[in-house]
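[1] curious how this folds, go ahead:
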Amino acid sequence: MSPEPASRVGLIQALGAMPEKRTNCHKHGNQGIGLVCIHAAIAIDSGETAGFFVGDNSDLARPDAWCAACEHRLALEGWSEEWFKDADFKILCAACWDLAKERLSVNAANGT
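    Below you'll find the model as predicted:
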């Protein structure tokens, strides 16, 4: 039976089948990966003010990251598999993750 991909453990186990946990990004080529919540992933291109909060895990090229709404829920309820599933984390290459951090952190800092 394969692991439930909605959980972080299940997703990391599924990624374990990927050599060196890397992806071939159409913009940046062969890169390590990081996970970001769906809201942060969408905000990269939309320019929405989403915020950018970073976890302390280091089993990927970049730590998990999430938006202000996910951070608020995390602060209220604590970490859970349900929180992770609802955040609907997406895989980004390390360079796209860095871009997300730059764009969303600037937006959060400027209040835009």
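[2] hey, let's count contacts and neighbours off CA atoms from now on
    Fine.
[3] return the set of buried residues in the helix ranked longest in the chain.
    Ranked by residue count under DSSP state H, the longest helix found in the chain is helix 94-110. Of the residues in helix 94-110, A94, A95, C96, W97, A100, K101, R103, L104, S105, N107, A108 count as buried by neighbour count, 16 or more other C-alpha atoms under 10 Å.
[4] pLDDT at the third one, what is it?
    What that stands for is C96. C96 is assigned 96 on the pLDDT scale.
[5] that older thread, could the buried residues of helix 94-110 be laid out in a markdown table, adding distance to L35?
    Shown next, in a markdown table, are those (distance: C-alpha to C-alpha, whole Å):
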| residue | distance to L35 |
| --- | --- |
| A94 | 9 |
| A95 | 12 |
| C96 | 10 |
| W97 | 8 |
| A100 | 11 |
| K101 | 12 |
| R103 | 16 |
| L104 | 15 |
| S105 | 16 |
| N107 | 20 |
| A108 | 19 |
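[6] before we move on, which element is the closest residue to A100 other than its chain neighbours in?
    The shortest distance from A100 to any non-neighbouring residue, by C-alpha to C-alpha, 6 or more residues apart in numbering, is to I44 (5.5 Å). Secondary structure from DSSP states H and E places I44 in helix 38-46.
[7] what helices and strands are in contact with that helix?
    Contact partners of helix 38-46 among helices and strands, from 3 or more C-alpha pairs under 8 Å, 6 or more residues apart in numbering; DSSP states H and E: helix 94-110.
[8] now the helix it packs on, how far from the centre of its chain.
    Helix 94-110 sits 12 Å away from the centroid of its parent chain (C-alpha atoms, centre = their mean, to the nearest Å).
[9] now do stretch 85-104
    Chain-centre distance of stretch 85-104: 4 Å, with C-alpha atoms, centre = their mean.
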